[in-house]
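>>> mind looking at a prediction? Sequence and model below.
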Amino acid sequence: MQPFTRVTGILAPLDRANVDTDQIIPKQFLKRIERSGYGPFLFYDWRRQGDFVLDRQAYRGARVLVTGENFACGSSREHAAWSLLDAGFRAVVAPSFADIFKSNSFRCGLLPVELPQPAVRQLIDLALQEPGMEITVDLERQRVAAGGFEAMFDIDPFFRECLLNGWDEIALTLRQEADITRYEVGRPAWLPLTNPTGGETS
Amino acid sequence: MKTMGQKIWDSHVVAAHEGEPDLLYVDLHLVHEVTSPQAFESLRLNGRQVRRPDLTLATMDHDVPTRGGRAAADEVAGRQMSALDENCRLAGIPLYGMGSNRQGIVHVIGPELGLTQPGLLIVCGDSHTSTHGAFGALAFGIGTSEVEHVLATQCLRQRRPKDMAVTVDGELPLGVTAKDVALGIISRIGVDGGRGHVIEYRGSTIRGLSMEGRMTVCNMTIEGGARAGMVAPDDTTFRYLRGRPHAPSGDAWAVALDAWQRTVSDRDATFDQEVRLDATELQPYVTWGTNPGQAVPVTGRVPDPANESDERALRYMALEPGTAIEAIPIDRVFIGSCTNARLEDLRVAASVVRGHNVHPKVRAMVVPGSASVKHQAEAEGLDAVFRQAGFEWRDAGCSMCLGMNPDILGPGERCASTSNRNFEGRQGSGGRTHLVSPPMAAAAAIAGHLIDVREFAEKALSPLRGGSERG
């Protein structure tokens, strides 16, 4: 995973609540078997409708998105986080994120920053009033700064460490092999196995 | 003094360290073609193996065509399906692909095979994994990075969620189904009301639901923002499980039963949040907007917008505030999805359809949740009821719930759908979705517009009484 320490770049506003992952990356693009190349399809339907805020010249190349509550609700598709990363975003600021998206973001190097509603409102207004303004998201200091705006944010300390260091979570878990094996030995024998003792496979 | 969610969590902790998320063991990992290829590829690139293929099960559901034949609809989908085939073969993971008599929507076949059992920790790269909670399992959706993590380690690192109790008491009125219970709950708590929580559904209404009905309620949990929803296992659960291919048998049954009966919340367990609903006040619901919380009773009207989101939704749905819901004409009907495509759903829909014809302006389809559901429905003659009325009778898959296969809405088409999401473009770019129960969808197909199913003959509705268990 690409480490995240600090990012400075253009702040793009998407002033909507409950943006679902079907909007972030529509289903017709989920048939690909690659992890990259989703950027051009980010918010595909909204972009096609014309005059989409992120397509305005001033927000081109934005690296941070600020948006409404419950961002990326709905489907578990990690493609939503991948498409944001692929389009150049490294962090999303919102009052709240859907649980699965937040978990996905931590694991693929996109930083979800939760700020209180009034602070997010202020940031959205700033980004709209001064299109192209830059913001700095500093994970080490857990601080967001843009123009005169400044705010500290909370974040899960474990995932903060993972992001700062670009750690491979699987490698960390594989170091706990002894714990896993011990747990497996203690599992009751009647628990189900998927190999089809009960019938045919295709 | 623990909730059942806490009990299941505690019994799956492999390692817990101060300040870190717990490392949990996964009992059952369900895999499908859309969210797994990148996980398998990354394993290969890192030289890692699938740790427990014997606790992993794969099926093809999202992409599969439902109109006969086994060929993928397009080249990209074909590549994705071949990838799953190859990945499962190399890793030794059982796969129920197209043509298998066990193929179907991942959340329909797990329970059907008896793999979904009380007390298990179940994950899948799909948000509707919450469905399996109907059996008293802790089941939730994960992303592809987590799929990879589970494949490699059979474990997941998770922060402990909060507990929420949703209690529904009272007898369901005639014509009101588990789907309406789910939509009623989401209307109450909102689309993010359950965020950060595991929901336990309790109360006499929930107890009175069949396993199919409980699955519908748990399925929609994610639409209220909670990753997992569950119902305490009871005799209804045990009766459903007994004799299924992967359920414990012989001496193991008694041992399992003893463990399952203890997997319930302690009497004095406390929840971080509690919500109560009176079932007698529930009605058949219809969504008017673009998220599942934007629902009103079918007897109601399209509401005045309360905010900009509502205004956007009304524009997208091309609806005027004040319009009677029953005055909204529809073009398409979809009866299917992991929410409402089990045998009981098809039986209830067929009971409404019997003796009627699909309105000439409506194109209607039934997509069974699994090959097995299809087979059983045909054995009962339900396919004939649907076909004679003018419904298309399809093969099993996710189909028009999300339109990854050729089954999609055209721009501007309006659909009464038994699926779970009415997001913009969900069923096809520009398509407009109204979420309803199976009998409501069936009634709409006949009437050509949204209609209160209770206006149909009482006789046709008799299978709906009290959500009684059938099969």
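Looks like it came in fine. Residues are numbered from 1 along each chain as shown, chains lettered A, B, ... in the order given.
>>> and the contacts of the longest helix along chain A?
Determined from DSSP state H, the single longest helix within chain A is helix A:117-129. Helix A:117-129 has contacts (C-beta atoms under 8 Å, 6 or more residues apart in numbering or on different chains) with A:11-13, A:15, A:66-69, A:93-95, A:115, A:133, A:135, A:144, A:146-147, A:149, A:151. Just so you know, the C-beta spots here come from the backbone N, C-alpha and C atoms, and that holds for glycine as well.
>>> can you pull up the most central residue in chain A?
Nearest residue to the geometric centre of chain A (C-alpha atoms, centre = their mean): A:Ser105, 3.4 Å.
>>> contacts only, for that residue.
By C-beta under 8 Å, 6+ apart, A:Ser105 lies in contact with A:81, A:92, A:97, A:111-112.
>>> of the residues you listed, which is the nearest to B:Ile185?
Ranked by distance to B:Ile185 (C-beta to C-beta), these are led by A:Phe97 at 21.8 Å.
>>> neighbours around that closest one, how many?
If you count neighbours by other C-beta atoms under 10 Å in any protein chain shown, A:Phe97 ends up with 23.
>>> re the thing from before, same question for the longest helix of chain A, mean pLDDT?
The pLDDT scores in helix A:117-129 average 98.
>>> just how off-centre is that helix within its chain?
20 Å (C-alpha atoms, centre = their mean, to the nearest Å).
>>> next: stretch B:363-377.
Here stretch B:363-377 shows a centroid-to-chain-centroid distance of 15 Å under the convention C-alpha atoms, centre = their mean.
>>> can you name the element that comes right after whatever helix or strand B:Gln261 lives in?
Using DSSP states H and E, B:Gln261 sits within helix B:251-262. Going down the chain from helix B:251-262, the next helix or strand is strand B:273-278, by DSSP H and E.
>>> the residue of the stretch 201-350 of chain B found nearest chain A: which element?
Across the stretch 201-350 of chain B, the shortest distance to chain A (C-beta to the nearest C-beta) belongs to B:Pro245, at 2.8 Å. Under the criterion DSSP H and E, no helix or strand holds B:Pro245.
>>> mind listing the residues bridging to A:Val66?
Taking DSSP bridges as the rule, A:Val66 bridges to A:Pro13, A:Val93.
>>> that one: neighbour count?
Using other C-beta under 10 Å, A:Val66 has 30 neighbouring residues.
>>> again, but for B:Gly97
B:Gly97 - counted by other C-beta under 10 Å - has 19 other residues nearby.
>>> is it in contact with B:Gln103, as I believe?
Yes: counting by C-beta atoms under 8 Å, B:Gln103 is a contact partner of B:Gly97 at 6.2 Å.
>>> nearest residue to A:Arg187 in space, please, no chain neighbours.
Excluding the flanking residues, the one nearest A:Arg187 by C-beta to C-beta, 6 or more residues apart in numbering or on different chains is B:Tyr25, at 7.6 Å.
>>> typo on my end, A:Pro3
Closest residue to A:Pro3 apart from its sequence neighbours, by C-beta to C-beta, 6+ apart: A:Gly166 at 3.3 Å.
>>> thinking again about what came up before, restrict the contacts of A:Ser105 to contacts with chain B.
A:Ala81 (C-beta under 8 Å from any C-beta of the partner chain).
>>> which among the contacts of A:Ser105 gets closest to chain B?
A:Ala81 (7.4 Å).
>>> in which helix or strand would I find that closest one?
Per DSSP H and E, A:Ala81 falls inside helix A:79-86.
>>> contacts for that helix next, please.
A:21, A:24-25, A:29-30, A:35-39, A:41-42, A:65, A:72, A:92, A:101, A:104-105, A:108-110, B:143-144.
>>> off-centre distance for that helix?
7 Å.
>>> check stretch B:14-34 too.
Stretch B:14-34 sits 22 Å away from the centroid of its parent chain (C-alpha atoms, centre = their mean).
>>> what pLDDT, on average, does that stretch get?
For stretch B:14-34, mean pLDDT is 96.
>>> near B:Arg426, how many other residues are there?
B:Arg426 has 29 neighbouring residues, counting by other C-beta under 10 Å.
>>> now the closest residue to it other than its chain neighbours, what's its secondary structure?
The shortest distance from B:Arg426 to any non-neighbouring residue, by C-beta to C-beta, 6+ apart, is to A:Asp22 (5.3 Å). Put simply, A:Asp22 is helix when judged by DSSP: H, G, I helix; E, B strand; the rest coil.
>>> A:Asp22 contacts A:Cys73, correct?
No: counting by C-beta under 8 Å, A:Cys73 is not a contact partner of A:Asp22; they are 9.6 Å apart.
>>> of the two, who's got more company?
For A:Asp22 and A:Cys73, the more surrounded residue by other C-beta under 10 Å is A:Cys73, and the numbers stand at 30 against 23.
>>> where's that one relative to A:Phe52, distance?
Remark: distance between A:Cys73 and A:Phe52 (C-beta to C-beta, to the nearest Å) = 20 Å.
>>> now do the helices in chain A.
For chain A, the helices defined by DSSP H occupy A:21-24, A:44-48, A:79-86, A:99-108, A:117-129, A:157-165, A:169-174, A:177-185.
>>> please spell out the PyMOL selection for the buried subset of the contacts of helix A:79-86.
Per 16 or more other C-beta atoms under 10 Å in any protein chain shown, the buried members of these correspond to this PyMOL selection:
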select buried, (chain A and resi 21+24+25+29+30+35+38+41+42+65+72+92+101+104+105+108+109+110) or (chain B and resi 143+144)
